[in-house]
Each structure stands twice: as structure tokens, then as C-alpha cells.
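Asker: what shape does this take:
(2 chains)
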2 protein chains.
Amino acid sequence: MTATRKKNPGGRGRGVGRPRAGKANVREGLIDAAIAEFIRTGIRATSLRVVAEAAGVTPAMLHYYFGDKRQLILAVVEERLLPALAPMRAGIEAGGSNPVELANLFVNGVGGMVAAHPWLPPLWIREVLCEGGALREHMFKRAIPQLPQLLAQRFAAAQAQGRLAPDLDPRLMVVSLVGLTLFPAAGAPIWRQMFDAGDLDDDALRRHTLALLGHGMGARWPGRSKARRKPE
Amino acid sequence: MTATRKKNPGGRGRGVGRPRAGKANVREGLIDAAIAEFIRTGIRATSLRVVAEAAGVTPAMLHYYFGDKRQLILAVVEERLLPALAPMRAGIEAGGSNPVELANLFVNGVGGMVAAHPWLPPLWIREVLCEGGALREHMFKRAIPQLPQLLAQRFAAAQAQGRLAPDLDPRLMVVSLVGLTLFPAAGAPIWRQMFDAGDLDDDALRRHTLALLGHGMGARWPGRSKARRKPE
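Answerer: The predicted structure follows:
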């Protein structure tokens, strides 16, 4: 695993599959190409030959850098997935017990993560959420170990103190937060086209989500002054 | 396409992959096996040979019933996907313009659909939500044509009448509803294990979701009497 760690892990945040010049970038380019193929057809169906071709190198070159597919997957996990999730994880771990603050940290954390790493939601859908997803264990054991449980515990503590509505389930709050953030990010290509919603950017999505979490949709909502507060 | 319609489409609601006795059920058993394989490895990776094997028949028998893979996919769409989604679609189309009522129809509609057709959420994740999903077009052009747009229009009309919080986006309300219903259903195997949440059944999920949609999580929520109202 250490073999996959050498060199600058700063490829995070870059677009996927962008062509690169120069030998120093070959390795990063191969990881980019791997992620793009993993998203397009899934890890199981991705051949090393296709990844090499997409990166514009020979299969032998890919073999030189990564050895086998398992090592390539580990490089994606170590050098992209973990660094992409680290800021959100740190923010939530450092956050307090106020449920509204926790929801803000989560919504803004996912929003920032998705903006910086647009490959993450579709990869998460296919390789974590789908049955047999190859990254599921990496996600929950390496990238965000115990983070869902920590969040649920904080929501439960807040509920015990009367700071979270009593008819919400603290564990399902975590599920709801993911469903209101990562899922809309992954489905954005669908709903943006469906609703002709080019006007709805990431900030509009965050504002909507924080409003829904804050006061729900029902007949009673805070006055416009509160409704218009900036989510950050 | 009509060739895929003969015989009883009543296979809807049955479990996937259950072995069947008797020739009359061979066709239904093949569709069950196809859905199970589509969920497990995706439509693109599924071979007719594997489906036939899983159903306990010869590839020639599968060929006799469906001809080719395209016909098998169309049978899944016509005889399972469309009938599974029809009741929810009809309920929403017949529903009124009250946003809370619309949310109730949606949440309860998806809940009932998932309970009757547990194969639907994982199939939706892999073949509608995933990039290149083979059922995406079938879903939006055949199964629920214009339903998301209809919902968004009703939310927009309700908002114009002051019956939906002004800081919510009517189109994103539809995205939020899907993220709070189909996504948790698809992710249930993950979060049930993660939170050791065998105690949280489908009704608990519905109650939580309707509470969150109704009043949000924030510091102000209705008193216990309202909070405890039955969602149905």
C-alpha cells in the first residue's frame, strides 16, 4: 500500500481524465483515467488496458506504476478518496452538539467536497451504494470510520436535551442528510436536464437544503427575514 | 414490444429469484432472475447465459421466451417497472395542490412501492442513477413521464399562494423528496447494518421523513401532540 503513496497526492481537486503533458504527470493521469472509467462502467468491468488507453500510455506503463488493478484501486482510495473526504470529516468531528450547526457542517462540507471533487458523487453511487460496490468497505472503514455513528450520537444527545424535534430519529437524520446532499449531487445531471435548471447552482442547492432542514416545507415557516439568512 | 406483454403481468410484487415449479412460471422466473442479475452486476455485464442458469433453464429456453437481451430488458420494463410505479404515479397525479398532501402522497407512495417491490430501489440506483444507466430513458419517458415536472409545478403554485416556504425551490423539492425516500430505501442494507438499526422498519422511516418534511429539525418544532400525529 505504501508503494501507492509516493509522489504528490495533490491531484485531488483536478478534473478527471484531463490530458497531461510530461512524464511526471503520467501517474496522476492514470489515476484520473481510472476514476473516469470506474464511474463510466464500474470497477469490476474496467480493464487496465482501457485505463492505459484512456490515459494515452501503454499497458506496460500502467503496470510499471501500479502493478495490478488492486493497487490501482488502492491508489484511488489513498490519494483521492481519503483526501477528498478528510476536510468534511475533520469539520464534523470538531463540530459541536447543536443539531442545526451539525447539519450546516454536513451540508456545507458535502457541498465544498463535491465542488472540488466532482467525480466523487458518481463514484460513490456506483461503488459504495450499489450492491457489491468495490469501495464500500474502503469508505466506511478507511475514509469516514465511525463518522455516521458519531453524527447519530450527537443528534441523539441533542434530542435528549430537547434541541432536536422528538419525532425525528437520530440515526435516520444521518441518512436524511446524505439523501439531501450526496444524492442530489449525484443526480444533478438528471434533474438539471429534467427541470431545465441551469439556473440552480450549488449555492441554490445548499440554501434550499438548509431551509428544508431548518424549518421543513409545511405551512409554518419562519418569516422572510430568517428565511433569507445566508447559510454560511 | 407487444411480444413481451403476453401472459399474466402479475409477477409484480413477488420476490426476486424465487424458484418456481411448472412450465407456466418459467417466463416469470426468468424475469425474476434477470432483475436479480441486473441488480447484482448491472445490465451491461449481465449475460443471458447467467440469467438462464440462475433461473434453472437452458439458454435455448431463455431465447425461446425473449429472443435477445433487449427483449428481456423490455419485459422487465413493461411487466415489472411500469406496473410497480403506476400506483404512485396515479396517486400523485390525482392528488391536490397542498404541498404537505403532495409530500405525504410521495412518501407513502414510495414506501408502499418499495415494500411491494424490494428490487426497485437497487435497480433504480444502478440503472437509472448511475452514469449510462440502461433504464434511465425507460424510467423518465415511459414509467413516470412528466411526473417530476408536474410535482414541481404544483409546488411552485403552492409557493405562489404562500403555502410553501418561500426559501425552498419547487424543483429541488422533487429532488429532496426522492433523496428522502428512494435513496434511504436503496441504502437500507448499509445504514441498517451501520447503525444496528433492525428496530427501524419502513413505518419508522416514513414517520421520520414526514416529520422532517413537515417541520424540519431546527429548534422550533410543533408540540408533541402534533409531532405524534399519524402520518397516514
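
Asker: contacts, neighbours, all on C-alpha from now
Answerer: Will do.

Asker: chain B versus A:L147, what's the distance?
Answerer: Taking Cα to the nearest Cα, to the nearest Å as the measure, A:L147 and chain B are separated by 10 Å.

Asker: tell me the secondary structure at A:D199.
Answerer: Under DSSP: H, G, I helix; E, B strand; the rest coil, A:D199 falls in the coil class.

Asker: any weak-confidence spans in chain A?
Answerer: For chain A, residues meeting the criterion pLDDT under 70 lie at A:1-24, A:218-232.

Asker: what about 90?
Answerer: A:1-25, A:95-97, A:217-232 (pLDDT under 90).

Asker: in it, which residue is closest to the centre?
Answerer: Note on chain A: the residue nearest the mean C-alpha position is A:L120, at 4.6 Å, using Cα atoms, centre = their mean.

Asker: was I right about that one contacting A:V114?
Answerer: Yes: here A:L120 lies in contact with A:V114, judged by Cα atoms under 8 Å, at a distance of 6.6 Å.

Asker: tell me the domain ranges of chain A?
Answerer: Taking automatic domain parsing as the criterion, chain A consists of the domains A:23-67, A:78-216.

Asker: out of these, which gets nearest to B:V100?
Answerer: Nearest to B:V100, of all the domains of chain A, is domain A:78-216, at 10.0 Å by Cα to Cα.

Asker: off-centre distance for that closest one?
Answerer: Put simply, domain A:78-216 sits 8 Å off its chain's centre (Cα atoms, centre = their mean, to the nearest Å).

Asker: start and end of that domain, how far apart?
Answerer: Taking Cα to Cα, to the nearest Å, the first and last residues of domain A:78-216 lie 38 Å apart.

Asker: please name the residues that touch the residue nearest to the centre of chain A.
Answerer: Listed by Cα atoms under 8 Å, 6 or more residues apart in numbering or on different chains, the contact set of A:L120 reads A:81, A:114.

Asker: again, 7 Å this time
Answerer: Remark: with contacts taken as Cα atoms under 7 Å, 6 or more residues apart in numbering or on different chains, A:L120 is in contact with A:V114.

Asker: in chain A, which spans are helices?
Answerer: Chain-ordered helices for chain A, with DSSP state H as the definition, fall at A:26-41, A:48-55, A:59-66, A:69-76, A:82-94, A:99-116, A:120-124, A:136-137, A:147-160, A:170-179, A:182-194, A:202-215, A:224-227.

Asker: do the first one and chain B meet?
Answerer: Yes: on the criterion Cα under 7 Å from any Cα of the partner chain, helix A:26-41 is in touch with chain B at A:39-40.

Asker: that helix vs helix A:69-76, what angle?
Answerer: Orientation check (axes from the mean of the first three to the mean of the last three Cα atoms, to 10 degrees): helix A:26-41 against helix A:69-76 gives 100 degrees.

Asker: go on, the second one?
Answerer: Between helix A:48-55 and helix A:69-76, the angle formed by their directions is 40 degrees, by the same axes, to 10 degrees.

Asker: over to the longest one?
Answerer: Using the same axes, to 10 degrees, the inter-axis angle of helix A:99-116 relative to helix A:69-76 is 120 degrees.

Asker: could I get the buried residue list for helix A:99-116?
Answerer: Buried residues in helix A:99-116, counting neighbours by 16 or more other Cα atoms under 10 Å in any protein chain shown, are found at A:99-100, A:102-114.

Asker: what comes into contact with that helix?
Answerer: Taking Cα under 7 Å, 6+ apart as the rule, helix A:99-116 contacts A:13, A:84, A:88, A:91-92, A:95-96, A:120, A:155, A:158, A:164, A:181-182, A:206, A:210, B:218.

Asker: of all the buried residues of helix A:99-116, which two lie farthest apart?
Answerer: Within the buried residues of helix A:99-116, A:P99 and A:V114 form the most distant pair, 22.2 Å apart (Cα to Cα).

Asker: quick one: the residue lying closest to A:D202 once chain neighbours are set aside from A:T209, how far?
Answerer: Counting by Cα to Cα, 6 or more residues apart in numbering or on different chains, A:D202 lies nearest to A:G111, which is 7.0 Å off, once chain neighbours are set aside. Going from A:G111 to A:T209 by Cα to Cα gives 11 Å.

Asker: gap between the nearest residue to A:A54 once chain neighbours are set aside and chain B?
Answerer: Closest residue to A:A54 apart from its sequence neighbours, by Cα to Cα, 6+ apart: A:A33 at 5.9 Å. A:A33 is 16 Å from chain B, where distance means Cα to the nearest Cα.

Asker: quick check: phi and psi at A:T181.
Answerer: Per-residue torsions, A:T181: phi -130, psi -70 (degrees, to the nearest 10).

Asker: thinking again about what came up before, select only the buried ones of the contacts of helix A:99-116 in PyMOL?
Answerer: Buried residues within these, by 16+ other Cα under 10 Å, are selected in PyMOL with:
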select buried, (chain A and resi 13+84+88+92+95+120+155+158+164+181+182+206+210) or (chain B and resi 218)
